[in-house]
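Asks: Pasting the sequence and the predicted model now:
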2 protein chains.
Amino acid sequence: MTHAQRLAHVRDDLRQQQLDAFIVPHDDEHLGEYIPPYAERLAWLTGFTGSAGAAVVLTGKAAVFVDGRYTVQVRHQCDSALFEYRHLIEQPVLDYVLGELAAGARVGVDPRLHSRGWFDAAKKKLAARGMELVPVSLNPIDHHWHDRPEPEIRPALLLSQEYSGQHSEAKRNRIAEQLAANHIDAQLLTQAEPINWLLNIRGRDIPCLPVVLGFALLHQDGRVQLFAEPAKFEDLDLTGHSGVNVSLAPVSELEAALRELGKKGARVQLDPTTANAWSSLVLEQAGAELVFADDPCMLPKACKNPVEVQGSRTAHLRDGVAVCRFLAWLDRRLAEPNPELEDEGTLADKLHALRAEHPEFVEPSFGTISALGPNAAMCHYHHGNGTPRKLGQDAIYLVDSGGQYLDGTTDITRTVAVGEPSEEMRKLFTLVLRGHIDLACARFPAGTGGLQLDALARMPLWQQGYNFDHGTGHGVGHFLSVHEGPQRISPRGSTVPLATGMIVSNEPGYYRENAFGIRCENLEVVQPAETDGDIPVFEFEHLTQVPFDRRLIDTAWLDTRHIDWLNHYHAGVWEKISPQLAGEDLIWLEQATRPL
Amino acid sequence: MTHAQRLAHVRDDLRQQQLDAFIVPHDDEHLGEYIPPYAERLAWLTGFTGSAGAAVVLTGKAAVFVDGRYTVQVRHQCDSALFEYRHLIEQPVLDYVLGELAAGARVGVDPRLHSRGWFDAAKKKLAARGMELVPVSLNPIDHHWHDRPEPEIRPALLLSQEYSGQHSEAKRNRIAEQLAANHIDAQLLTQAEPINWLLNIRGRDIPCLPVVLGFALLHQDGRVQLFAEPAKFEDLDLTGHSGVNVSLAPVSELEAALRELGKKGARVQLDPTTANAWSSLVLEQAGAELVFADDPCMLPKACKNPVEVQGSRTAHLRDGVAVCRFLAWLDRRLAEPNPELEDEGTLADKLHALRAEHPEFVEPSFGTISALGPNAAMCHYHHGNGTPRKLGQDAIYLVDSGGQYLDGTTDITRTVAVGEPSEEMRKLFTLVLRGHIDLACARFPAGTGGLQLDALARMPLWQQGYNFDHGTGHGVGHFLSVHEGPQRISPRGSTVPLATGMIVSNEPGYYRENAFGIRCENLEVVQPAETDGDIPVFEFEHLTQVPFDRRLIDTAWLDTRHIDWLNHYHAGVWEKISPQLAGEDLIWLEQATRPL
């Protein structure tokens, strides 16, 4: 079926349902960062395969919405005769709808694919203009997508306490107590990460995010009803692992369970920013009282326990060995003939192969950004979206990658010389690194949010009239999503206080369009610091163990304490990584970690 | 009349008006920081004379609410047989009322003395518990306060353009355009500062804040109706100065003007956080449509124009001469016999006398904090509230003071050695000073709010496990309030972007209870910085020109760049201040500004 035909089919449904518009988001019903192939509705309709976007189908026209990362890609993938191109952030979907339609219009959405928060806000905005938001019961795309892939049944994994550090029962009882204290009968969970964390389970349902997709109800007594594909748990003793009060049912039984809760007039809590609108509309219609609040799993999940922290350290050592071997190989490869036989893709493959040598490696934690020269100026560059650049023509190379291991998740960016970096590149690399170090050295009292620390990483750049246009740090999960909240270090960042066990990235950068890109990223874990002072303060312990490229450092832009920090950091890398390297890799590490 | 009799009179009124409670705030109808003697209702009722507080009168009991600064003072001033003591912040007035009364209760307030925002929130909170908020038309205190002082008629001052830098008409037209664009007919102004700024007038109605008290309506066409005591403008050509479309009427005519606007069904804008409830209730009852928004004068008032900035520089030079002469005199006095003849009060008087030698000096910008030894650990200490400590027994002295000059407002804190400071005191002073320097050296792009910069000033303390429990910086007016918004540098601070011409204090500190207190405060003005970078950035220019005490600096706690900054700062002070000093004062300055 062509995209024109697909669009025509969707419009048929619009007519039948008397709708003037239908909104197609990229999200699936779990509203997570990644979606499985059977949920690629936006791609089916428009052809656009990016990781974020939306479409609006009107009776006479249609539009596809993408952000700055995908403005080129969308032109390759979507037929402009069928879809206007729009900017996802600058002209949000709803503003487009409001601009195109008049009072009386009916705007269809699949309530499973939008958060309750978005749904309520959209409903209000449309109502203010005399329009109606109509939740459809049959998504027109699902109706017409005949060759839709079946969800793959990949076995779940029961994460042993050796890795999780806390039994599911203990996690559930702690949160259930909070629910009871607030007179909440049950917590609805529709995102995969909190459910997998809560039950100490993992899965392979989607790439990069090791989760079983599902829904869950956590009751006031600590009991959990998990709604997921039972075949994924075949031969696994879920109740033996997670607790006898954990039951498993197919997703098809979720609706009945929600209705039953509603019939009892239960008070059900959910996070309107993450829970899909459908589940809460079902609850509400059945008679439940909804309580909107932050997902109570988020904070305990973010604050890793000592076993998770130790696991993350181990995962980072392993990951550090792979990245060091890669960087050592890269330097050797550059010295060999025909470096141009390597391109951004083969480099990414090599790094992946080195990670994959470790039996504990499960998969990448996100798509590797392997970017030479000007490509590195695009923060979310992927070599698969165009012609990869070849080694040999550029001065610097940026590689941002990570791995999922049974004991932790990694995420590291190194920018390295692969040619003759200019003085200006070395200046800017050093300013970025200086900001990285200033943030890494921060100490701060209880109550400090990432928003308060963000400027530390930017100040060396700001001093010279530079900046970078992304956050400084995101939360990172434990063998879970490489992007997690609620903590965040950013100018528009979170005021959620940083607390012991939170893992955050520290990744200032600098990007010059059509020229080069620089980023220095370690993961840090928040720990109590020892001082002689009056008040307890926290500090960051760096998890990542890979040298920063000495060839890109211009010490004129550093203070003594930055150089001391680097020498100390490199000495630690040598001490931890060298026992696991040999031959030329070991010689490389010795040189790469020499004191400045 | 005794306080018991006053309380009995108020209770008589409660009975007559069928009220179960009456709330007495410290504020007057302008809701500013300072109030004139005739508005000291709280003091009349309770005896408490602090600068912030409240009281609640119930039929059978009463309570007085003060913050941490006044817990000792309130015990001296208020009879505990008449008033329970409560903490203003920890147990807010309304929570007390809710705790003491039951459904059906009627809670009286004078709507002139509360903001509209507070009024609406209180009404809602009380209604949720079945109680009613009753705006009274006759304040029981006004009813029974027979020897109430008359408002003093002090002449207003027309601030020439030489000082203001912009004609009132230009200011009014700029804001009126915004009003017109938003279809607002008139802006209601009930605070003194924006009105005085807008009309380029000043006054002497209250101590420390050089304003004429009044109300104003700014119309969409730029016209202003000022409601203030006309006798204050006798012999002054207000319309000649501020513009022909500025009219003056007595405050008693405000109500009629509001009613007239209401009758026309006008859309009237006001800031619910600063405008009193009474005026907006009158407007609403008369038929006006209220629009709640930030006071549009706040931002242009905060961003000083080049003439105001230049005036502030000049005022700070003058102020610097006075403070340097004071510090020089203090050192000499310490070397003379019987230093104990001086106490915190005589020191404050000496500093005042030196400022007052300048003909441009109008008055202090706030009550001087002159604190020796342990008294300096109380951030808002005033020597008048107890027995002043004498010179000679303590190691360090903190003096926080400022002046109102025709061309600007100053605010400076210096902490100086007056005995033998311990190594720990020098360490802590140096950490505070280091934080001051780190903030002073900040550069930042457009859009950066004070909240993002606050940690810079704290980080040296945080590193060692110390902190201070107040904001790092407040806005400062131009020959206006020494505390102004919307900009603020604080952990709970403002996200309002810092912009060219904003003046902020930079005042980290450290306080050890019962031992000592340290604060280093300069005023800074935001200016564009010159760099070779990609983006425009701002920087701070320090206005304050007084040396930091070299005897308290332990250079072991500073980096080279901090020492460079101090040497450069001191060289600048020497260059600017030395031409105006002579004799022993000049010798002192030469020593005080020597390179470290």
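Replies: Structure received. Numbering: from 1, shown residues only, chains lettered A, B, ... in the order given.

Asks: Beta-bridge partners for A:Tyr85, please?
Replies: Going by DSSP bridges, A:Tyr85 is paired in beta bridges with A:Val64.

Asks: That one and B:Leu281, how far apart?
Replies: 52 Å (Cβ to Cβ, to the nearest Å). Bear in mind the C-beta positions are built from the backbone N, C-alpha and C, glycine included.

Asks: And for A:Thr59?
Replies: 50 Å.

Asks: any idea of the mean pLDDT for stretch A:301-321?
Replies: Mean pLDDT, stretch A:301-321: 98.

Asks: distance between that stretch and the chain's centre?
Replies: With Cα atoms, centre = their mean, to the nearest Å as the basis, stretch A:301-321 stands 18 Å off its chain's centre.

Asks: Now it: buried residues?
Replies: A:301-305, A:307-309, A:311-321 (16 or more other Cβ atoms under 10 Å in any protein chain shown).

Asks: In helices, which of these appear?
Replies: Secondary structure from DSSP state H places A:301-302, A:307-309, A:311-321 of these in helices.

Asks: For the residue lying closest to A:Lys61 once chain neighbours are set aside, give me the pLDDT.
Replies: In space, and not counting its chain neighbours, A:Lys61 is closest to A:Glu84: 6.7 Å by Cβ to Cβ, 6 or more residues apart in numbering or on different chains. Listed pLDDT for A:Glu84 reads 95.

Asks: any idea how far A:Glu84 is from A:Ser51?
Replies: As judged by Cβ to Cβ, A:Glu84 and A:Ser51 stand 21 Å apart.

Asks: thinking again about what came up before, okay, the residue nearest to A:Lys61 and A:Gln393: tell me how far apart.
Replies: Distance of A:Glu84 to A:Gln393, computed by Cβ to Cβ: 37 Å.

Asks: Kindly report the same for A:Trp197.
Replies: Relative to A:Gln393, and taking Cβ to Cβ, A:Trp197 is found at 45 Å.

Asks: More neighbours: the two, which one.
Replies: A:Trp197 (29 against 12; other Cβ atoms under 10 Å in any protein chain shown).

Asks: A:Glu363 and A:Leu406 touch, don't they?
Replies: No. Using Cβ atoms under 8 Å, A:Glu363 makes no contact with A:Leu406, being 11.3 Å away.

Asks: quick one: which of those two has more around it?
Replies: More crowded of A:Glu363 and A:Leu406, by other Cβ under 10 Å: A:Leu406, with 19 against 16.

Asks: Now the more buried one: closest residue in space that isn't a chain neighbour?
Replies: Counting by Cβ to Cβ, 6+ apart, the residue nearest A:Leu406 is A:Glu360, at 5.2 Å.

Asks: Ok, A:Asn245 next?
Replies: Nearest residue to A:Asn245, sequence neighbours excluded (Cβ to Cβ, 6+ apart): A:Arg223, at 4.3 Å.

Asks: Ok, A:Glu169 next?
Replies: Nearest one to A:Glu169, counting by Cβ to Cβ, 6+ apart, is A:Gly243 at 4.4 Å.

Asks: now swap in A:Val399 and tell me
Replies: Counting by Cβ to Cβ, 6+ apart, the residue nearest A:Val399 is A:Ser370, at 5.3 Å.
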